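Visitor: Fold the stuff below for me.
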Amino acid sequence: MVTMALAIVAVLAASAAWGAAAPGNMNGLYTIANPAGQGVEFNSEYATRLGAEFFDVYSMPIESHYAQVYWTMMDPVPLDPAIVARFANKTMAIVGYEVDQVFRTPDGDKSVPLYWAYNHHYEAYLVGANSKLQQVTGNAMDNMGRNHGATTFWAPAPSLRNPDGTPDVQYFSEGNGGEFRKSLHGYPQGFAQLVYSPSHFNLQPMQIDTRNRDYDGPGYKAWTLPAESLAPQGASYSGLLECPCTTRIVKKWNTTYATTASGTCATAVASLDECVQAIASLATKPSSATQISNFSLPTGCLMAAEPDGSIAAVFNTRVTPVDCGASGKVIGHTVSLVNLTVLLDSTVQGGAVQITITGPNGVWFGVGFNAQAMADQPYTIIVDGAGNVTERKLGDHDSGVQLSPRQVTVVSNTVAGPVRTVVLRRAFKGISPSHYTFDPSVGTIPFINAYGSTPTLSFHKARTAASLSMASTGGNTCVCNMGTHGTINGLPFEHTCASEPTGDLLQQKNPTCFIQTYVGGQLCCKHGTILLDADQPVDNRTMQYNLKFRFWFQEYTRAAPPKPASHQDLQRFYFQTEAYASEYDIVQCPASTSRQDCVQEISARFQVHQMTGCKATDPTCYGRDVNLIYAGGHCHAPACISLELYNQDTGELLCRQLPVLGTGQAEQFDEVGYFSGIPPCLWGSSAEGLEPPMLLHWNTNLLSIKRNNNTVGHYGDMASWQMRGVFV
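Guide: This is a model prediction of the structure:
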């Protein structure tokens, strides 16, 4: 039996250290995918090729149980004071970096094998003294793949522009999965990631503990796995690393509907029966249901508020040009953890909102408008256990700040047995940017609601996301089919698979695109998740280790015309072949298919400007061409065969990534069934053995093709391009 003292050996506190230039990389030599082949061999040693120095940074310790996911932003680690002092009010040029996961012992660092702790990915930052990171939200391409496509990610807070005009924060994510230790993260002479006055290191890793606690021999030996694991018997890798959805995961879905008081439905309700079901899901069971053929009304499902407050369902079979329209008053009611009714009256000067909230008496309850999670940081109304009403701007998983002055007026506050009902009034327009502004033309208002177990606001006892559908009290309110949606463990399922020609996951009906067929991937792998079924016990032995980063750097000299700056700052370019789902399933080939023909292919088509993240308001990049310097494809072992990037306008192959699968023969970084590295493409000078930089125009059409072996199925694979270059 393994004693976990071996695994937790003398883990030291997170720290940083630095040393002068010295030959020998931390992880040995690296290869690239596109050497020039002109008699000069590319030298991957940072010290001898570039004369670079380095400093090491260790993350805070990671501690986990078997089958547990660690995926969160860690506490910042201060850099070595000597480094901070040396580059105070100066720019550092990061010319490369190396990564490992290690046990820190009195005898030195011991590398942790991937079959014990699997690095799904990391997001690392060097942050300057004048800046900090803040949590923001956006879709997979808005955030340029940060946090592997999660809608909440970390980005630099606005800071004063420094005298060098260089970034205050640098982001490191290339080759950032299981291939991280032997994939080159380095650049040619004269190119670097620049950071001004660096002071600390931030890391958001995603690690999965796959260590069999009852086996301490060489290689991987399977232990307890959930039923949805796709790893076959005798596999050299753990099925846990693919994040199977276990019976601990609660997945719910349904076809959703929304009301609109303007325009027409993009997808119409198909029948009177569906119309009745749709209205019942939005508000309450209709008091009546009628099918008509009327040219003066909108086509499809109509929801009308009767004078007695009931709702009537009307289904118009006639195809008409009539738009949906409101009467000046719209009302919405829904039953969730708390009951919520909102009446919007446009006939009153400035608009009047009446909000009725019913929840449990004696404990706090609340509603946050225009949100599906606390990460949206919504305007929220809180009623405490004594009936006191406050307005707040929520934080991301914290109570945020109380808004003052309060905009709502309490019309009534009554208690009937175990239930408290408050009726509030306010104007449409919020009195500050933190106050939600109600819009009567909006047919559906998403909201979060929760209640606690204490009278005052504290951690919620229950919480969920819901929506409020608004119906006209006298006009033509249309009910539209909004598609099938759902939640995983209470959080919205938000995979957005692009249609052709951008991506082909939708056309292939890949299971990752639809909550009904989603059974594995990072949505079932949130921080702290145990990837075991509910009836499988959690072993109480933990493992503790650190991630270690070695940053190679040079001094930066700003431009002094006619002499240019010593380094050009490398911009990050990013695109997903699995657009825009951030992951996808490798679907097992039919049993009758020969092994050599078991190849699954996906592709994406996009233009250069789509991978830059550049906004039209930014003249430093918008409309400019790109010199591509570094291209690293990211995919998962053991199925990834290749990842190719083409100039579709010319047919030229720009970069082909061929992962190196471990054989178990090398002393380290060579685990069977895992990638020992994915050599990137690198462009620079012929003197370094490199092809010249790849010039791409702003509107150049690109094609990405990803191929996998699909003899066995896999969840949550990826096919993203993580690139660096400069605008020209």
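
Visitor: Now do the SS call for residue 47.
Guide: Counting by DSSP: H, G, I helix; E, B strand; the rest coil, the backbone at residue 47 sits in helix.

Visitor: From what I see, it and residue 26 are in contact.
Guide: No: in this structure residue 47 lies outside contact range of residue 26 using Cβ atoms under 8 Å: 11.0 Å. For every residue, glycine as well, the C-beta is placed using N, CA and C.

Visitor: what sits in contact with each of the two?
Guide: Between them, residue 47 and residue 26 have residue 54 as joint contacts when contacts are counted by Cβ atoms under 8 Å, 6 or more residues apart in numbering.

Visitor: Sketch out the low-pLDDT regions of the stretch 1-150 of the chain for me.
Guide: 1-23, 138-150 (pLDDT under 70).

Visitor: repeat that for 90
Guide: Across the stretch 1-150 of the chain, the stretches falling below the confidence threshold (pLDDT under 90) are 1-24, 36-40, 130-150.

Visitor: isn't residue 625 right next to residue 694, touching?
Guide: No: counting by Cβ under 8 Å, residue 625 does not reach residue 694; the two are 10.7 Å apart.

Visitor: what about these two, which has more around it?
Guide: Per other Cβ atoms under 10 Å, whichever of residue 625 and residue 694 has more neighbours is residue 694, with 20 against 15.

Visitor: Might one say that that one is in contact with residue 627?
Guide: Yes: here residue 694 lies in contact with residue 627, judged by Cβ under 8 Å, at a distance of 6.9 Å.

Visitor: joint contacts of the two?
Guide: Common contacts of residue 694 and residue 627 (Cβ under 8 Å, 6+ apart): residue 683.

Visitor: is it fair to say residue 83 lies in a helix?
Guide: Yes: Residue 83: assigned to a helix according to three-state DSSP.

Visitor: oh, and call the first residue 32 from now on, that's how I've got it
Guide: Done: numbering now begins at 32, and the last item shifts to residue 114.

Visitor: Quickly note the distance from the spatially closest residue to residue 311 that is not a sequence neighbour to residue 384.
Guide: Nearest residue to residue 311 in three dimensions, chain neighbours excluded: residue 317, at 6.9 Å (Cβ to Cβ, 6 or more residues apart in numbering). Distance of residue 317 to residue 384, given as Cβ to Cβ, to the nearest Å: 25 Å.

Visitor: In whichever helix or strand residue 165 is part of, which residues are buried?
Guide: When secondary structure is defined by DSSP states H and E, residue 165 falls within strand 164-168. For strand 164-168, a neighbour-count test (16 or more other Cβ atoms under 10 Å) marks 164, 167 as buried.

Visitor: And stretch 322-337, by the same measure?
Guide: Neighbour counts using 16+ other Cβ under 10 Å place 328, 329, 330, 331, 332, 333, 334, 335, 336 of stretch 322-337 among the buried residues.

Visitor: Quick check: the two most widely separated of those residues?
Guide: Taking every pair in the buried residues of stretch 322-337 and measuring Cβ to Cβ, the maximum separation is 20.2 Å, between 330 and 336.

Visitor: those helices in this protein, which residues are they?
Guide: 77-81, 112-117, 303-313 (DSSP state H).

Visitor: Nearest to residue 592, out of these?
Guide: Closest approach to residue 592 among the helices of the chain is made by helix 77-81 (24.8 Å; Cβ to Cβ).

Visitor: which intervals of the stretch 182-331 of the chain have sub-threshold pLDDT?
Guide: Looking along the stretch 182-331 of the chain with the criterion set at pLDDT under 90, you get 182-196, 285-295, 297-299, 311-316, 318, 325-328.

Visitor: next one: the stretch 382-531 of the chain
Guide: In the stretch 382-531 of the chain (pLDDT under 90), the answer is 406, 427-430, 471-475, 490, 498-508, 513-516, 525-527.

Visitor: What are the buried residues along stretch 389-404?
Guide: In stretch 389-404, counting by 16+ other Cβ under 10 Å, buried: 389-392, 394-404.

Visitor: how about the nearest residue to residue 392, chain neighbours excluded?
Guide: Leaving aside its sequence neighbours, residue 392 sits nearest to residue 451 (Cβ to Cβ, 6+ apart; 4.2 Å).

Visitor: thought that neighbour was touching residue 394?
Guide: No: Residue 451 sits out of contact with residue 394 when judged by Cβ under 8 Å, with a separation of 9.4 Å.

Visitor: thinking again about what came up before, switch the buried residues of stretch 322-337 over to TSV; also include distance to residue 497.
Guide: As requested, the buried residues of stretch 322-337 are exported to TSV (distance: Cβ to Cβ, whole Å):
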residue	distance to residue 497
328	29
329	26
330	28
331	24
332	21
333	23
334	18
335	23
336	20
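
Visitor: Sitting in strands, which of those residues do you find?
Guide: Where the buried residues of stretch 322-337 overlap with strands, as defined by DSSP state E, the overlap consists of 331, 332, 333, 334, 335, 336.

Visitor: neighbours of residue 244, just the number please.
Guide: The burial metric for residue 244, expressed as a neighbour count using other Cβ under 10 Å, is 20.

Visitor: actually residue 120, not the one I typed
Guide: Residue 120 is surrounded by 12 other residues when neighbours are defined as other Cβ under 10 Å.

Visitor: Name all residues that make contact with it.
Guide: Neighbouring residues of residue 120 by Cβ under 8 Å, 6+ apart: 193, 194, 227, 228.

Visitor: Contacts only, for the third one.
Guide: Residue 227 is in contact with 120, 121, 122, 123, 159, 161, 193, 195, 197, 198, 199, counting by Cβ under 8 Å, 6+ apart.

Visitor: could you redo the last one with a cut-off of 6 Å?
Guide: For residue 227, the contacting residues are 122, 159, 193, 195, 197, 199, by Cβ atoms under 6 Å, 6 or more residues apart in numbering.

Visitor: any idea how far residue 494 is from the third one?
Guide: Using Cβ to Cβ, residue 193 is found at 42 Å from residue 494.

Visitor: do the same with the fifth one
Guide: Relative to residue 494, residue 197 is positioned 42 Å away (Cβ to Cβ).

Visitor: Comparing those two, which residue is more hemmed in?
Guide: Shown here are residue 197 and residue 494; by other Cβ under 10 Å, residue 197 has more neighbours (24 against 17).

Visitor: Tell me what residue 591 is bridged to.
Guide: Using DSSP bridges, the beta-bridge partners of residue 591 come out as residue 594.

Visitor: Tell me the confidence at it?
Guide: At residue 591, the predicted lDDT confidence score is 92.

Visitor: what do you get for residue 355?
Guide: Model confidence at residue 355, expressed as pLDDT, equals 87.

Visitor: To what extent is it buried, counted in neighbours?
Guide: Using other Cβ under 10 Å, the number of residues around residue 355 comes to 24.

Visitor: Okay, now the unreliable bits of the stretch 532-681 of the chain?
Guide: The model of the stretch 532-681 of the chain has pLDDT under 90 over residues 625-627, 646.

Visitor: got the contact list for residue 719?
Guide: Applying Cβ under 6 Å, 6+ apart to residue 719 gives the contacts residue 219.

Visitor: quick one: it from residue 61, how far?
Guide: Using Cβ to Cβ, residue 719 is found at 13 Å from residue 61.

Visitor: likewise residue 139?
Guide: Relative to residue 61, and taking Cβ to Cβ, residue 139 is found at 22 Å.

Visitor: Which one of the two is surrounded by more residues?
Guide: Residue environment comparison for residue 139 versus residue 61 gives the larger neighbour count to residue 61, 23 against 8, counting by other Cβ under 10 Å.

Visitor: In contact with that one, which residues are there?
Guide: Residue 61 makes contacts with 75, 215, as judged by Cβ under 6 Å, 6+ apart.

Visitor: That one and residue 211, how far apart?
Guide: The gap separating residue 61 from residue 211 is 12 Å, by Cβ to Cβ.

Visitor: From the chain's centroid, how far away is stretch 631-638?
Guide: Computed by Cα atoms, centre = their mean, to the nearest Å, the separation of stretch 631-638 from the middle of its chain amounts to 20 Å.

Visitor: ugh, wrong one, stretch 70-81
Guide: 36 Å.
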